[in-house]
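Colleague: any chance you could fold what I've pasted below:
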Amino acid sequence: MESHLELLCDDLDGHCDVSVIVSNSRPFTMSEHVRNIRVTRVATFGHIASTAVSPGMAQAIQARPADIIHLHWPNPMAVAAYIRSRHPGHLVITYHSDVVRQKILRKAFQPLLDKVLDRAHAIIATSPHYVETSGVLQRVRHKCRVIPLGLHTDRFDSPDPVEIARIRCQFGPRILLSVGRHVSYKGFEYLIRAMQHIEARALLIGDGPLRKQLEALARRMGVENRVVFLGEVHDVIPYYHAADAFVLPSITRNEAFGIVQIEAMACGKPVINTSLDSAVPFVSVGGKTGITVTPQNVQELASAMNLLLENEQLRIQYGRAARRRVETQFTAWVMSRRTLALYNEILCSTEGLSTVDSRVSELEESGALVLD
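Modeller: Next up, the predicted model:
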């Protein structure tokens, strides 16, 4: 969410007056300009269920004369602060995901979330799949607009050729790549088990609480020489380019979108993902940009990996389609223009104007407050 917020604000800058309010990591409030954007970091006094306690956020929201308030969920503190602020601006919410793991927190905050969803002029979902599968969004689906997450593709277009050659020399000739925190919902356990049937190297980039357990599993499965735990790396882009295919073996809808898929697709790589009831199979489409398998199914996962490793023409076909899909659906430019169009539509409709285009010039001078 943090990376998305930064990218969106950078792209909105110059089209509207953007300011950001977030929780600080320290017990004091500070304001600064990050590039051209004013960022207020509100004092935080601890966390409850991974949610920052920032009591000054309501006052910070109230003090901004913005035309549009843009909240990002899940963030219970921002939702509660917005309600307390009684801010009169038009409300937009980006609904990144349901609260899946913290059931007590979800139950406690549901009334507040329902209240803010009812007030919203529009709710941005990152895929049509999430609108259909979220019980929360079903009630307000008439307000939902699909605007997928995006990224700047240019930074994926000029990888370091020396580094790519080094990776291929060290780990090749057949390389599978997976990127993400070592937590249960990522499904790395099933990738490791599938490697018993694969003659290749699987490179795992990332770290997390399950790393030691996963390393032990690789040893028990006898694939410690085929599964390489790289931890955090300075630059992941050469690894995408060096790999034959990217694997996202996630097993629950905690994996709400899987933006690492877009990164791999931007590098022209086919993706193996899972048929979750989230945006994951929407991002990379099985049979078009890669292969989609059943979650927790080791045999299907192994078959998909072997198919792509053995079939260079299929890898090229899926990889080219993957890059085209990113360019049409998942760039930062597409995301920001769709968001601006939504802002414009809201400002027009609330003032009784019949067309969106009639307010474009005024929109560029209006205020948009983006909250995380």
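
Colleague: give me the neighbour count for residue 306.
Modeller: 15 (other Cβ atoms under 10 Å). Where C-beta positions appear, they are placed from N, C-alpha and C, glycine not excepted.

Colleague: check which helix or strand it maps to.
Modeller: Mapping residue 306 onto the secondary structure by DSSP states H and E places it in helix 298-310.

Colleague: which helices and strands does whichever helix or strand comes after that helix pack with?
Modeller: Past helix 298-310, heading to the C-terminal end, the next element that is a helix or strand (DSSP H and E) is helix 312-329. Other elements packing on helix 312-329 under the criterion 3 or more Cβ pairs under 8 Å, 6 or more residues apart in numbering; DSSP states H and E are helix 259-266, strand 290-293, helix 298-310.

Colleague: for helix 312-329, give me every contacting residue.
Modeller: Surrounding helix 312-329, the residues in contact under the criterion Cβ atoms under 8 Å, 6 or more residues apart in numbering are 148, 153, 244-245, 262, 264-271, 284-285, 288-291, 307-308, 334.

Colleague: just stretch 35-47 next, same as before
Modeller: Taking contacts as Cβ under 8 Å, 6+ apart, the residues outside stretch 35-47 that touch it are 9-10, 13-14, 18-33, 52-57, 60.

Colleague: give me every residue that touches residue 302.
Modeller: 194, 195, 196, 197, 198.

Colleague: about what we covered before: save the helices and strands packed on helix 312-329 as CSV, and put in mean pLDDT and distance to residue 37 too.
Modeller: Converted to CSV, the helices and strands packed on helix 312-329 look like this (pLDDT from 0 to 100; distance: least, Cβ to Cβ, whole Å):
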stretch, mean pLDDT, distance to residue 37
helix 259-266, 97, 21
strand 290-293, 98, 36
helix 298-310, 98, 41
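
Colleague: would you list these in JSON lines and tack on distance to residue 341?
Modeller: Output for the helices and strands packed on helix 312-329, formatted as JSON lines (distance: least, Cβ to Cβ, whole Å):
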{"stretch": "helix 259-266", "distance to residue 341": "21"}
{"stretch": "strand 290-293", "distance to residue 341": "30"}
{"stretch": "helix 298-310", "distance to residue 341": "37"}
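
Colleague: out of these, nearest to residue 220?
Modeller: Across the helices and strands packed on helix 312-329, the minimum distance to residue 220, taken as Cβ to Cβ, is reached by helix 298-310, at 14.3 Å.

Colleague: need the nearest residue in space to the residue nearest the centre of the chain, chain neighbours excluded.
Modeller: By Cα atoms, centre = their mean, the mean C-alpha position of the chain lies nearest to residue 259, the distance being 4.6 Å. The spatially closest residue to residue 259, leaving aside those adjacent along the chain, is residue 149, at 5.6 Å (Cβ to Cβ, 6 or more residues apart in numbering).

Colleague: pLDDT-wise, which helix or strand of the chain ranks last?
Modeller: None of the helices or strands of the chain scores lower by mean pLDDT, DSSP states H and E than helix 360-363, at a mean of 40.

Colleague: on that earlier part again, closest to residue 182 out of the contacts of residue 302?
Modeller: Distance to residue 182, by Cβ to Cβ, is smallest for residue 195 among these, at 15.6 Å.

Colleague: pull up the gap between that closest one and residue 201, please.
Modeller: Distance of residue 195 to residue 201, computed by Cβ to Cβ, to the nearest Å: 9 Å.
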